[in-house]
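Student: Coordinates for the following, if possible.
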Amino acid sequence: MKKVLILAYFYPPCNLTAARRAEAFAVYLNKFGYYPIVVTRAWLKEINSPADVLKSSGDKLRIVKNDDYEVHYLPYKSSFRDMLFIRFGKTKLKFLSKILTIIGLIGQNYCNLFIPYRNLYKHSLKLIKSELIDYAVITANPFEIFKFGYLLNKKTEIKWIADYRDDWNTSELDGYLSKNRVLKFIERNAEKKWIKSATLFTTISPYYLDKISQFTGKKGVLLLNGHNNNIYNEPIKDIEYYPEFTIVYNGTLYASQEIEIFLEGFKAALFKMEGKGLKILFPGLAFDKQQASRVSVLLKGFENNYTIFERLPFKEVLKIQTKSHLMLMLPHKSIKGIPSSKLYEYIGLGKHIATCPGDDDIIEETIKEYGMGYVLQSKAEVCDFLIYCLDNKDKFEISHLSVEQKEKISLYSRKSQVLKLATELNNL
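Tutor: Coordinates of the predicted model:
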């Protein structure tokens, strides 16, 4: 059986969504003829805030062996900049933190000493030389991890696949657009240089596929995030639904997502229903205090109709979603190609999904293909739709799925997506 190195910064027990993609590679590649060896950093602390991601963790190499794969957890030591952020937060010492960030971003392109997780590269190089590893899959972000693929290929000529969970220099999100020209120039050159050494890249949407391919000149393969649910193989057990018609928006909210449209329609429906019958839940939204406050302000006066949760264990979030009637998707304003992992999580549970507004791209296309989705473009459409939902609540309480629905759900499973990755590894 051929061995494949999976190099990933995020990996369980890290409870962030990013960790589940690399986990799927590890769990399922063995089913298709490969033995995965995962190299990642130690994750011994619960992630309840952005600062928790940056905290030092672990003091020695820990290897966990399963029947089908193994995971190498390496100690992680915070950088000086990150220690400042952990201690003083985002606002204090802001100027010094910004200077250190710029120095780090520039420096890590030229010297690994500026990369706090550089030990992942050293350990991977050692494994490739001693374990006779056949191929490597390197999943980003952070995007500087692609540098390790470039260096590993240079040292050993190993063939590697660059896996993009997000796009980098082709990004249309504010975080990248606001970077200064010098940083952009350095990073654009770095991405082209590093990805040139990859055999191919994989990414999460057709729009990303086209953008990254045009920018890097490399062949790309679509590899959706997928879900881990087996609802398409198992009969649905009796579900105890919430008594009120309950909507769920799971995880982080971004400034570029126009939640105002849905929430204004939600409030309008509540006015017509005299404040009864509707509830919306936000598991994990409190991870970003600013966005949690944004929602609280929008829903002022409707405190009985919504709940914002801190980050919860994944199984607890699934339980909340299972008992709810409708899952909510929020595209990024004027930006295509970002389906988010939650879309496939919702599909894996066999749930009805509403997107507000539509994105005229992968979210709309996916929920239409799935067959249990709704596209809402305005406050009035949201209001009318939610009143319809209240009048037809039983239609959203699923007791069974058709054979066709189960087949569609299975196509979006992580196992199906990893089969595509295994096929590309075979072609190497």
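Student: In this structure, what helix or strand scores lowest on average pLDDT?
Tutor: Each helix and strand of the chain was given a mean pLDDT (mean pLDDT, DSSP states H and E); the minimum falls on helix 174-177 at a mean of 56.
Student: got the domain boundaries for this structure?
Tutor: Domain ranges of the chain: 2-225+414-427, 245-411, per automatic domain parsing.
Student: for these, which one sits closest to residue 239?
Tutor: Set against residue 239 and scored by Cβ to Cβ, the domains of the chain come closest in domain 245-411, at 5.9 Å. C-beta: built from backbone N, CA, C; applies to glycine.
Student: Do me a favour and get the end-to-end distance for that closest one?
Tutor: Its first and final residues considered, domain 245-411 spans 29 Å by Cα to Cα, to the nearest Å.
Student: where does this protein have low pLDDT?
Tutor: For the chain, residues meeting the criterion pLDDT under 70 lie at 84-97, 174-179, 230-238, 399.
Student: mind listing the strands for it?
Tutor: Along the chain, counting by DSSP state E, strands occupy 2-8, 34-41, 62-65, 70-74, 135-140, 159-164, 200-203, 220-222, 245-248, 278-282, 306-308, 326-329, 352-355, 373-375.
Student: So what are the sheet partners of the fifth one and their directions?
Tutor: For strand 135-140, the paired strands and their directions (DSSP bridges) are strand 2-8 (parallel), strand 159-164 (parallel).
Student: could I get these as JSON lines with mean neighbour count and distance to residue 53?
Tutor: Listed next are the strands paired with strand 135-140 as JSON lines, based on neighbours: other Cβ atoms under 10 Å; distance: least, Cβ to Cβ, whole Å:
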{"stretch": "strand 2-8", "mean neighbour count": "23", "distance to residue 53": "14"}
{"stretch": "strand 159-164", "mean neighbour count": "24", "distance to residue 53": "19"}
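Student: Could you point out which of those sits nearest residue 323?
Tutor: strand 2-8 (31.9 Å).
Student: Please work out which residues outside the closest one touch it.
Tutor: Outside strand 2-8, the residues that touch it by Cβ atoms under 8 Å, 6 or more residues apart in numbering are 19, 21-22, 25-26, 29, 33-40, 120, 124, 127-128, 131-139, 145, 148-149, 158, 425.
Student: Straight-line length of stretch 66-74, end to end?
Tutor: 17 Å.
Student: Begin at 726 from now on, thanks
Tutor: Got it, first residue is 726 now, which makes that one stretch 791-799.
Student: Would you indicate which residues of that stretch are buried?
Tutor: In terms of neighbour count (16 or more other Cβ atoms under 10 Å), stretch 791-799 has its buried residues at 794-799.
Student: My guess is residue 1024 contacts residue 992. True?
Tutor: Yes: assessed by Cβ atoms under 8 Å, residue 1024 is found in contact with residue 992 at 7.3 Å.
Student: Pick out whichever of those two has more residues nearby.
Tutor: Shown here are residue 1024 and residue 992; by other Cβ atoms under 10 Å, residue 992 has more neighbours (21 against 18).
Student: where's that one relative to residue 1005, distance?
Tutor: Separation of residue 992 from residue 1005 (Cβ to Cβ, to the nearest Å) stands at 10 Å.
Student: Report the contact partners of the closest residue in space to residue 983 that isn't next to it in sequence.
Tutor: Nearest residue to residue 983, sequence neighbours excluded (Cβ to Cβ, 6 or more residues apart in numbering): residue 1058, at 5.4 Å. Residue 1058 is in contact with 981-983, counting by Cβ under 8 Å, 6+ apart.
Student: Next, residue 793: phi, psi?
Tutor: phi -110, psi -10 (degrees, to the nearest 10).
Student: and the residue nearest to it when sequence neighbours are not counted, what does it touch?
Tutor: Leaving aside its sequence neighbours, residue 793 sits nearest to residue 755 (Cβ to Cβ, 6+ apart; 3.6 Å). Contact partners of residue 755, counting by Cβ under 8 Å, 6+ apart, are 726, 761, 793-794.
Student: If you count contacts, what does the helix ranked longest in the chain end up packed against?
Tutor: When the chain is parsed with DSSP state H, its longest helix is helix 906-921. When contacts are defined as 3 or more Cβ pairs under 8 Å, 6 or more residues apart in numbering; DSSP states H and E, helix 906-921 packs onto helix 819-832, helix 871-881, helix 931-941.
Student: Turn those helices into CSV, including mean neighbour count and distance to residue 1086.
Tutor: Shown next, in CSV, are the helices and strands packed on helix 906-921 (neighbours: other Cβ under 10 Å; distance: least, Cβ to Cβ, whole Å):
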stretch, mean neighbour count, distance to residue 1086
helix 819-832, 14, 30
helix 871-881, 20, 25
helix 931-941, 19, 6
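Student: Thanks a lot, catch you later.
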